[in-house]
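1. Here's a sequence, model it:
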Amino acid sequence: MPQIEALVLTDRDATPDDHTFNPRGIDSGVATYVESVTGVPIADRRITVSVTKPSSNGRVKVNVKVTLPVVQNVEVVGVTKPTIVRTNYADLTFNYDTTSSTRERDDLVAFVEGLLAWTDNPLSATIVDLEGLY
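-> Residues are numbered from 1 along each chain as shown. Now for the predicted structure:
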């Protein structure tokens with residue numbers, strides 16, 4: 001079982017930057033990682049990871065969620081406070097049969113990784129640019 005440790009992820013800026021998501025803890029089997037952008041907790045970017053052991057249908061579920069809030073300072077009656085103006089989410093769930101091999105699970109991860117890493121593929125235009133497929 002791997003130990004929770006910092007995740008360093010690279011963005012897609014023209015000059016890519018690394019972003020470090022530090023472990024926040026594990027609560028009820030859900031590991032939480034946080035990147036504090038401003039030092040204000042409501043602006044923290046979060047990644048959560050959980051594993052659900054075999055269910056009645058014989059599947060193991062691994063869920064990864066990414067939450068990226070956008071915060072602005074808003075003035076109300078002369079008091080300025082940080083406020084979430086929108087939040088972007090990604091929710092990635094892997095479902096594995098309990099009889100699946102490590103190789104099968106690794107191939108699924110590789111295919112998903114390829115779909116997300118390849119910026120010239122048609123799905124990038126759908127996922128990032130919000131263009132429909134035809």
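2. For stretch 123-130, give me every contacting residue.
-> Leu115, Leu116, Trp118, Glu131, Gly132, Leu133 (Cβ atoms under 8 Å, 6 or more residues apart in numbering). Just so you know, the C-beta spots here come from the backbone N, C-alpha and C atoms, and that holds for glycine as well.
3. of all the residues you listed, which comes closest to Thr10?
-> Checking these against Thr10 by Cβ to Cβ gives Leu116 as the nearest, at 12.2 Å.
4. Any idea how many residues pack against the closest one?
-> A count of nearby residues for Leu116, using other Cβ atoms under 10 Å, gives 15.
5. So which of the contacts of stretch 123-130 is surrounded by the most neighbours?
-> Counting by other Cβ under 10 Å, top hit in the contacts of stretch 123-130: Leu116 with 15 neighbours.
6. and that residue, that one's in a helix?
-> Yes: under DSSP: H, G, I helix; E, B strand; the rest coil, Leu116 falls within a helix.
7. Am I right that Leu9 falls within a strand?
-> Yes: the assignment for Leu9 is a strand, going by three-state DSSP.
8. Return the set of residues that bridge with it.
-> When bridges are called by DSSP bridges, Leu9 pairs up with His19.
9. if we look at stretch 37-45, which residues are touching it?
-> Applying Cβ under 8 Å, 6+ apart, the contact partners of stretch 37-45 are 19, 21, 34-36, 66-69, 71, 82-84.
10. a markdown table for those residues, including distance to Asn57?
-> Below are the contacts of stretch 37-45 laid out as a markdown table (distance: Cβ to Cβ, whole Å):
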| residue | distance to Asn57 |
| --- | --- |
| His19 | 36 |
| Phe21 | 31 |
| Val34 | 33 |
| Glu35 | 35 |
| Ser36 | 39 |
| Val66 | 26 |
| Thr67 | 28 |
| Leu68 | 32 |
| Pro69 | 34 |
| Val71 | 40 |
| Pro82 | 43 |
| Thr83 | 42 |
| Ile84 | 36 |
